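J.: Need a 3D model of the sequence below.
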Amino acid sequence: MKNVFKSLLIASCMTFAVSVSAQEPAPAPARDLSGFHVGDTVVIHKDHERYETGEKMSKWVYNVEHTILQVGGKRRHQDAILLGGIMSWVWPEALINKTTHPEEAAANQEAKAAAEQARQDSIQAAKDAADAAEQARKDSVQQAKDEAARQDSIARAQQAAALQAYNDSVEQARQDSIANRAYRDSVAQATRDSLRQVWENQNDSQQAAYVITGKQQEMYNCNRFTIGLRGGAASLMQNTEQKMGKWHVGWDVMLDLQYAHYWKKFGKKMQYGLLVGVSAGFTRSHLESGVMDQYTEQTNYGQIDYTVKAENVKEYDGQLQIEVPIMFSMIHEKGFFMNIGPRLALPVYSPYNQTITKPDIIAYFPEEGVTVPNAKITGQVSDEQAKTNGKWKASTLNVMVSAELGYEYTFRNKNSLGIGAYANYGVYSLYKNDTNNKSLISIAEVPDANKPAVVNVLSATDTYAKGVGFFDVGLKLAYHFNWWK
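T.: I've put the predicted structure just below:
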């Protein structure tokens, strides 16, 4: 029994060995490498995707040329070809020898490019189809929204129609009630209408004095009271001597109280009248000049000839004045107005202040033939003496020609607000201050052996001005109270 089992086991092993040997594959036939040599230029065939080692090729290897480094390996890769650049083994059937078969290599490249273009076209077509499908989906969603909005609008319109019908019924009932009430009150209303008509007839005569139309204004005289404020550039000085230097324009501010009477219109557009009133305000200007004068003083010690010099003299002159206008006035129906005529200016207070810088007094003694520059004995001017404040010696009366132009806006109560420009120019002045002194700096008290001279600083206005006039120009703002009679 033991020998039989052993015999069966040996037989089984022999049978298994025979079957295994029968399943082994036959060796692959050797590949033809005769058409390739080291140094040949090759390209990879478009239909092959893997290297001899099994890895998948990248796309870029199809579009470049490769140089053969080795044909067949000694131990491994006996049937493969080693390419330079990529340093990979490739089967000979995957290569086209460009050195020996250039036409076939070129055809392979063109076919590969065409295949790649076809693949890109298919990808783009797929994208276009997807975009079209997405757009169709969006269109369907929008159509659904539009349909829902339309249905909602229809429903709202139906609700509004129902509500309007209800409101119409309520309004009709209210109108019926009003009509019944109006019928009941018709007798009382007729009585009230008759009483109101009587009252309106009485009130019309009173109201006509306050509500004046353009046509009615032509038939009535007009009175006007005006409160105004004006201001602008002004100057006090005119007719000065050449050595006075330069007058500088100053400023003025005036408050106007005016009354005007306008007669019936003598034309279709203009109404004429006479304007009088009183104005009060202040004006100021100044001058700049230099001093270069000579004069003689007789003293107990003999004659002294003085020469007075100063580089800069500044004097500021002010004038608080009252003006009385007597002017011809015109009003245009479009709102423009013009006043022109004489204006009397009455200065009430006329102050000034003056500063003389760097004064120099030189004395010459003709009997001795000696010149003394700016010494105490000749009247040196101190800082306190170089400044003076005072007022003009006399008030004046100036006659000016005045003109005002402007526009007024009429309010419902027939009063009006006006804005305009004005100009005044003095044509006559009673102030004639002829020069009595020859210098702005004078020796009021002559020196002696123990004390210096006393020096007076005089006003340039009192000393050099032949006459003091006036002119100003600026803007005016006024409020007019109008009434007709």
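J.: you'd agree residue 78 is in a strand?
T.: No. In this structure, residue 78 is coil, not part of a strand, as judged by DSSP: H, G, I helix; E, B strand; the rest coil.
J.: quick thing: my sequence starts at 828, can you match it?
T.: In the new count, where the first residue is 828, that last one comes out as residue 905.
J.: is it true that it touches residue 898?
T.: No. Between residue 905 and residue 898 there is no contact, the gap being 10.0 Å when judged by Cβ atoms under 8 Å. Every C-beta, even on glycine, is put in place using the N, C-alpha and C of the backbone.
J.: what does stretch 954-969 rub up against?
T.: By Cβ atoms under 8 Å, 6 or more residues apart in numbering, no residue outside stretch 954-969 reaches it.
J.: one step back: between residue 905 and residue 898, which is the more surrounded one?
T.: residue 898 (17 against 11; other Cβ atoms under 10 Å).
J.: helix or strand right after the helix or strand bottoming out on mean pLDDT in the chain?
T.: Every helix and strand of the chain was ranked by mean pLDDT, DSSP states H and E. The lowest is helix 829-850, at a mean of 48. Following helix 829-850 in sequence order, the next helix or strand is strand 868-871 (DSSP states H and E).
J.: average model confidence for that next one?
T.: Mean per-residue pLDDT for strand 868-871: 91.
J.: buried sites along it?
T.: By neighbour count on 16 or more other Cβ atoms under 10 Å, the buried set for strand 868-871 is 869-871.
J.: CSV please, covering the residues you listed and showing distance to residue 1270.
T.: What follows is the buried residues of strand 868-871, written out as CSV (distance: Cβ to Cβ, whole Å):
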residue, distance to residue 1270
869, 129
870, 126
871, 127
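J.: which one among the residues you listed gets closest to residue 940?
T.: If you rank the buried residues of strand 868-871 by distance to residue 940 using Cβ to Cβ, residue 870 comes first, at 12.1 Å.
J.: partners of that closest one in the sheet?
T.: Using DSSP bridges, the beta-bridge partners of residue 870 come out as residue 923.
J.: gap between it and residue 946?
T.: 19 Å (Cβ to Cβ, to the nearest Å).
J.: swap in residue 962?
T.: Using Cβ to Cβ, one gets 25 Å for the distance from residue 962 to residue 946.
J.: likewise residue 995?
T.: For residue 995, the distance to residue 946 - Cβ to Cβ - is 73 Å.
J.: Equivalent analysis for residue 1196, please.
T.: 128 Å.
J.: what do you get for residue 1306?
T.: Computed with Cβ to Cβ, the distance linking residue 1306 and residue 946 is 93 Å.
J.: what about those two, which has more around it?
T.: Under the criterion of other Cβ under 10 Å, the comparison of residue 1306 against residue 946 puts residue 1306 first, with 15 against 10.
J.: In terms of pLDDT, where does that one sit?
T.: You'll see residue 1306 listed with a pLDDT of 95.
J.: check which helix or strand covers it.
T.: Using DSSP H and E, residue 1306 maps to strand 1298-1311.
J.: neighbouring strands for that strand, and are they parallel or not?
T.: Here, using DSSP bridges, strand 1298-1311 pairs with strand 1049-1062 (antiparallel), strand 1243-1256 (antiparallel).
J.: Of these, which is nearest residue 875?
T.: strand 1243-1256 (100.7 Å).
J.: What's the first helix or strand after that closest one?
T.: Proceeding N to C from strand 1243-1256, the next assigned helix or strand is strand 1268-1272, under DSSP H and E.
J.: In the following helix or strand past that following strand, which residues are buried?
T.: Of the helices and strands lying after strand 1268-1272 in sequence (DSSP H and E), the nearest is strand 1281-1284. For strand 1281-1284, burial by neighbour count (16+ other Cβ under 10 Å) applies to 1282-1284.
J.: Quick check: which ranges of the stretch 978-1127 of the chain have low pLDDT?
T.: 1014, 1022, 1025-1047, 1065-1072, 1091-1095 (pLDDT under 70).
J.: repeat for the stretch 1178-1312 of the chain
T.: Scanning the stretch 1178-1312 of the chain for pLDDT under 70 picks out 1220-1222, 1239-1240, 1258-1265, 1276, 1291-1295, 1312.
J.: The stretch 1078-1227 of the chain: strands as residue ranges?
T.: Secondary structure of the stretch 1078-1227 of the chain, counting by DSSP state E, counting those that start in this stretch: strands at 1097-1126, 1129-1159, 1163-1176, 1178-1192, 1197-1200, 1214-1218, 1225-1237.
J.: Mind putting those into CSV with mean neighbour count and distance to residue 910?
T.: Conversion of these to CSV gives the following (neighbours: other Cβ atoms under 10 Å; distance: least, Cβ to Cβ, whole Å):
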stretch, mean neighbour count, distance to residue 910
strand 1097-1126, 17, 105
strand 1129-1159, 18, 106
strand 1163-1176, 18, 105
strand 1178-1192, 18, 107
strand 1197-1200, 12, 117
strand 1214-1218, 15, 113
strand 1225-1237, 18, 102
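J.: Now tabulate those strands in CSV and tack on distance to residue 970.
T.: Listed next are the strands of the stretch 1078-1227 of the chain as CSV, based on distance: least, Cβ to Cβ, whole Å:
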stretch, distance to residue 970
strand 1097-1126, 75
strand 1129-1159, 70
strand 1163-1176, 69
strand 1178-1192, 93
strand 1197-1200, 112
strand 1214-1218, 96
strand 1225-1237, 62
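J.: Extract the C-alpha trace of stretch 1049-1063 and format it as CSV.
T.: Listed next in CSV are the C-alpha coordinates belonging to stretch 1049-1063 (Å, rounded to 0.1, in the frame of the first residue of the first chain):
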residue,chain,number,x,y,z
CYS,A,1049,-47.2,157.1,-6.2
ASN,A,1050,-45.4,157.9,-2.9
ARG,A,1051,-42.2,156.0,-1.9
PHE,A,1052,-40.2,155.9,1.3
THR,A,1053,-36.8,154.2,1.1
ILE,A,1054,-34.3,152.9,3.6
GLY,A,1055,-30.9,152.1,2.0
LEU,A,1056,-27.3,151.3,2.7
ARG,A,1057,-24.5,152.0,0.4
GLY,A,1058,-20.7,151.8,0.4
GLY,A,1059,-17.7,151.8,-1.9
ALA,A,1060,-14.5,153.6,-2.8
ALA,A,1061,-14.2,157.3,-1.9
SER,A,1062,-11.7,160.2,-1.7
LEU,A,1063,-11.8,163.5,0.2
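J.: could I have stretch 1137-1151 exported to PDB, CA atoms only?
T.: Provided in PDB are the C-alpha atoms of stretch 1137-1151 (Å, rounded to 0.1, in the frame of the first residue of the first chain):
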ATOM      1  CA  ALA A1137      11.500 164.200   5.400                       C
ATOM      2  CA  GLU A1138      11.500 161.000   3.300                       C
ATOM      3  CA  ASN A1139       8.000 159.900   4.000                       C
ATOM      4  CA  VAL A1140       4.800 161.700   5.200                       C
ATOM      5  CA  LYS A1141       1.600 159.800   5.600                       C
ATOM      6  CA  GLU A1142      -1.700 161.400   6.600                       C
ATOM      7  CA  TYR A1143      -5.100 159.800   7.000                       C
ATOM      8  CA  ASP A1144      -8.100 162.100   6.700                       C
ATOM      9  CA  GLY A1145     -11.600 161.200   7.700                       C
ATOM     10  CA  GLN A1146     -15.000 162.900   7.400                       C
ATOM     11  CA  LEU A1147     -18.300 162.300   9.200                       C
ATOM     12  CA  GLN A1148     -20.800 164.000   6.900                       C
ATOM     13  CA  ILE A1149     -24.500 164.500   6.300                       C
ATOM     14  CA  GLU A1150     -25.800 164.600   2.700                       C
ATOM     15  CA  VAL A1151     -29.100 166.100   1.400                       C
END
